[in-house]
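# One predicted model, sequence on top.
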Amino acid sequence: MFLDLKQTAFGLVLLIVFLLFQFGVFNPLGPSAWVLGVIVLSVVFFLMGKVTMPKRQPPQLVEVWQFATAFAVIATVIIAYASPLMPAMMSASMPNLTPLVLGLWLVIFGAATFVTGWTAKWGVTTVVGIIWLFSAFHTVSYLDFAFLVGLPFIIYGLISKG
């Protein structure tokens, strides 16, 4: 039977959480919603790594994911809380930084996903990393992001052996 429920479940969690962002559930949080988003993303990726990957990971992959997570969280916190204090960080033509934040997450986690796939010789993971890297420049909403991060895991979970 072709079905990896773990991958599918993680994909559904990502899809649902970021659809909730799209529908404004977290709007009252203001910029803190971005911090919540990157924490949710980081936790899901961490759990996905613990549950779906072999127990012993090469040290360089562990380092890549630790760096990617720390960089994404720190950059998001800086954008969320420091950008209002530094007008030079926010262009007058782009008052909404959400596309920038989502694109940053796709670049950071797309690169880590690509490196993981390339190192482990996992074709689908490599392709997902490439898709995220190129999509980073075209993502304009949480809706785009929800489908970009959730759908690959749902599809892969449905076609792979668990």
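Perfect, I can see it now.

# low pLDDT regions in the chain?
1-2, 86-95, 162 (pLDDT under 70).

# so where do the helices sit in it?
Secondary structure of the chain (DSSP state H): helices at 5-22, 32-52, 59-82, 98-120, 123-135, 142-159.

# now these in JSON lines, with mean neighbour count?
C-beta here means a position set from N, CA and C on the backbone, and glycine is covered the same way. As requested, these are exported to JSON lines (neighbours: other Cβ atoms under 10 Å):
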{"stretch": "helix 5-22", "mean neighbour count": "18"}
{"stretch": "helix 32-52", "mean neighbour count": "17"}
{"stretch": "helix 59-82", "mean neighbour count": "16"}
{"stretch": "helix 98-120", "mean neighbour count": "21"}
{"stretch": "helix 123-135", "mean neighbour count": "18"}
{"stretch": "helix 142-159", "mean neighbour count": "20"}
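
# How about the contacts made by the closest residue to residue 21 other than its chain neighbours?
Nearest non-adjacent residue to residue 21, counting by Cβ to Cβ, 6 or more residues apart in numbering: residue 142, 4.0 Å away. Residues near residue 142 by Cβ atoms under 8 Å, 6 or more residues apart in numbering: 18-19, 21-22, 98, 102.

# Give me the distance between residue 124 and residue 22.
26 Å (Cβ to Cβ, to the nearest Å).

# An error on my part: the question was meant for residue 158.
23 Å.

# and what of residue 30?
Distance from residue 30 to residue 22, by Cβ to Cβ: 16 Å.
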